[in-house]
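Visitor: What follows is a predicted structure for the sequence shown.
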Amino acid sequence: MGLLIVFSVVSWAIIALKATQLRTARRESEAFLDAFWQAKRLDAIYKESENLLKSPISQVFRAGYIELARLKKTSGEDSILGGGIENVERALRRAQNSESTILESKTAFLATVGSTAPFIGLFGTVWGIMKAFADIGRMGSANLSTVAPGISEALIATAIGLLAAIPAVIAFNYFGSNIRVLESEMDSFGSDFLNIVKRHFFK
């Protein structure tokens, strides 16, 4: 039961942390996209992105912009030879993968708690029932006053296991849905940014 209580406490801490992280990521991503589509120059957007570092979409943009600036500096021209577009695309993809990893961090623990806590609780219950039957054999009596205390204590382990597992599973599914939305938005933004860069900077 001690292990289940630890699982539950850690799960709730992760739930609070991830809820805050994803809420901030969502809010800052919306702010960044508004700024991106309203701005006229990429350098102005890059400066604005410095205030929105919690946004995964902002980080994808920054990676692409930095690679684009490096290519422009190397070529020394306003237009860049078309072969360099793969470098920008790789930079965008690396940033997307990195941000996805950050968004998904710690959620695996919630999945682990959700899948294992009920079985740990059940193990505690089985162990408690075995102990209750051992007490019955030792006392030579099977009346309710002998059986009830041991059985009730044993069932507490299952209850604690479920109390640890249910919030973890709900949170894992909820966070997974939000993360998939952000990943989809990162992917869409990466494609849009790449098209803009191709039209304006590559020949």
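Guide: Sure, I can see it.

Visitor: Enumerate every residue touching Ala159.
Guide: Listed by C-beta atoms under 8 Å, 6 or more residues apart in numbering, the contact set of Ala159 reads Gly121. Every residue, glycine included, has its C-beta placed from N, CA and C.

Visitor: which ones are touching the nearest residue to Glu67 once chain neighbours are set aside?
Guide: Leaving aside its chain neighbours, Glu67 sits nearest to Ala91 (3.8 Å; criterion: C-beta to C-beta, 6 or more residues apart in numbering). Ala91 sits next to Ala63, Gly64, Ile66, Glu67 when contact means C-beta under 8 Å, 6+ apart.

Visitor: Which pLDDT does the model give the last one?
Guide: On the pLDDT scale, Glu67 is placed at 89.

Visitor: I figured it hits Glu89, correct?
Guide: No. Between Glu67 and Glu89 there is no contact under C-beta atoms under 8 Å: 9.0 Å.

Visitor: What residues of the helix or strand that Val9 is a member of count as buried?
Guide: Following DSSP states H and E, one finds Val9 within helix 2-38. Within helix 2-38, the residues that qualify as buried are 4, 7-8, 10-11, 14-15, 18, 21-22, 25-26, 28-29, 31-33, 35-36, counting by 16 or more other C-beta atoms under 10 Å.

Visitor: out of the contacts of Ala91, who's nearest Phe133?
Guide: Distance to Phe133, by C-beta to C-beta, is smallest for Ala63 among the contacts of Ala91, at 62.8 Å.

Visitor: So the closest one, which state does it fall into?
Guide: What DSSP: H, G, I helix; E, B strand; the rest coil gives for Ala63 is helix.

Visitor: which residue packs closest to it, ignoring adjacent ones?
Guide: Ala95 (3.5 Å).

Visitor: next one: Glu185
Guide: Spatial nearest neighbour of Glu185, chain neighbours left out: Ile57 (6.0 Å); criterion: C-beta to C-beta, 6+ apart.

Visitor: Who are the contact partners of that neighbour?
Guide: By C-beta under 8 Å, 6+ apart, the contact list for Ile57 reads Ser29, Phe32, Leu33, Leu182, Glu185, Met186, Phe189.

Visitor: Need these in JSON lines (columns: distance to Phe119 and pLDDT).
Guide: Shown next, in JSON lines, are those (distance: C-beta to C-beta, whole Å; pLDDT from 0 to 100):
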{"residue": "Ser29", "distance to Phe119": "38", "pLDDT": "94"}
{"residue": "Phe32", "distance to Phe119": "43", "pLDDT": "94"}
{"residue": "Leu33", "distance to Phe119": "44", "pLDDT": "93"}
{"residue": "Leu182", "distance to Phe119": "32", "pLDDT": "95"}
{"residue": "Glu185", "distance to Phe119": "37", "pLDDT": "95"}
{"residue": "Met186", "distance to Phe119": "36", "pLDDT": "95"}
{"residue": "Phe189", "distance to Phe119": "42", "pLDDT": "94"}
